[in-house]
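S.K.: generate a structure from the sequence data that follows.
(2 chains)
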Amino acid sequence: MTITALDIIRGIEAALALAPKIETLVNDAKAWINALFVQKIITAEVQNELFAHVDAICVARLAGNEPPSWKVEPDPVTPTSDAPSTTET
Amino acid sequence: MTMKLKLLFAFVILLVIAALCPGCAGGLETGGAYAQANTAPDKALFTADLTFKTLHAQLTAVFDFERDNRLLCWQISPEIKHSLDRLRPKASAIVKEYAQARAAYLKAPAPANLTSLQGVLAELSRLNATAATVLNPKSP
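M.R.: Here you go, the predicted model:
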């Protein structure tokens, strides 16, 4: 199956869509580092938020629940593009 | 994207170092989940949970990206999905291990239980690195 220019553009757009998510993670990590080394005190509110967040993930996983993207799903079915022509004139 | 992922891994390593350096890890306000009154603050658990949260979010971003752009990734190479499909059950198993190790540590905060927790985190970190290369492999 050939990759068209449109596919390449879609690929670039998808990668760019992921970049902000990664940037958010990086900024999130930066904020936490800042709390550790600059603010000196990690507030009770921040602690409770982190604990609750991790707890929720752990409780869900122990109950057998996980996000859909973590599950193995069937391979996509793509139509064949090179079926031989059966018509003759 | 590669540089940002490398930066994220560097922050994760920094967090682990912070756990080993009590003087550098900052203070935990008493009354929070990791610094209950009348008990010593648990900076190690705080750092472990923080690292876990970051690694879990990163893995979810990779899995979400492939799922949300599945057809396109498939057209580029079926191996993208297949590689991540090999990692998915391993990732789920490791996260479940972390949940079990964390529950054991919360029940009995002994050094051995903390070591188990940190060992699982190291495994999760390695799997994260592998998942990241699936979406952004080095060119030959």
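S.K.: in chain B, which spans are helices?
M.R.: Taking DSSP state H as the test, the helices found in chain B are B:2-20, B:43-68, B:70-76, B:78-107, B:111-135.
S.K.: mind checking which of those helices is nearest residue A:77?
M.R.: helix B:70-76 (10.0 Å; CB to CB). (C-beta placed from N, C-alpha, C; glycine too.)
S.K.: mind listing what's buried in the closest one?
M.R.: Buried residues in helix B:70-76, counting neighbours by 16 or more other CB atoms under 10 Å in any protein chain shown, are found at B:70, B:72-75.
S.K.: show me what contacts residue B:73?
M.R.: B:66, B:80-81 (CB atoms under 8 Å, 6 or more residues apart in numbering or on different chains).
S.K.: picking up where we left off before, out of the helices of chain B, flag the one nearest residue A:65.
M.R.: Nearest to residue A:65 among these is helix B:78-107 (10.5 Å), distances taken as CB to CB.
S.K.: tell me the buried residues in that closest one?
M.R.: Of the residues in helix B:78-107, those buried by neighbour count under the rule 16+ other CB under 10 Å are B:80-81, B:83-84, B:87-88, B:91-92, B:94-102, B:104-105.
S.K.: tell me which residue of chain A lies closest to chain B.
M.R.: residue A:47 (3.1 Å; CB to the nearest CB).
S.K.: so which other helices or strands are in contact with the strand or helix carrying that residue?
M.R.: Secondary structure from DSSP states H and E places residue A:47 in helix A:44-62. Packing contacts for helix A:44-62, counted by 3 or more CB pairs under 8 Å, 6 or more residues apart in numbering or on different chains; DSSP states H and E, involve helix B:43-68, helix B:78-107.
S.K.: quick one: residues in contact with it.
M.R.: Contacts of helix A:44-62 (CB under 8 Å, 6+ apart): A:35, A:66, B:28-35, B:46, B:49-50, B:52-53, B:56, B:92, B:95-96, B:98-100, B:102-103.
S.K.: can you tell me how far the residue minimising distance to the centre of chain B sits from residue B:62?
M.R.: The residue lying closest to the centre of chain B (CA atoms, centre = their mean) is residue B:55, at 2.8 Å. Noted for residue B:55: a distance of 11 Å to residue B:62, by CB to CB, to the nearest Å.
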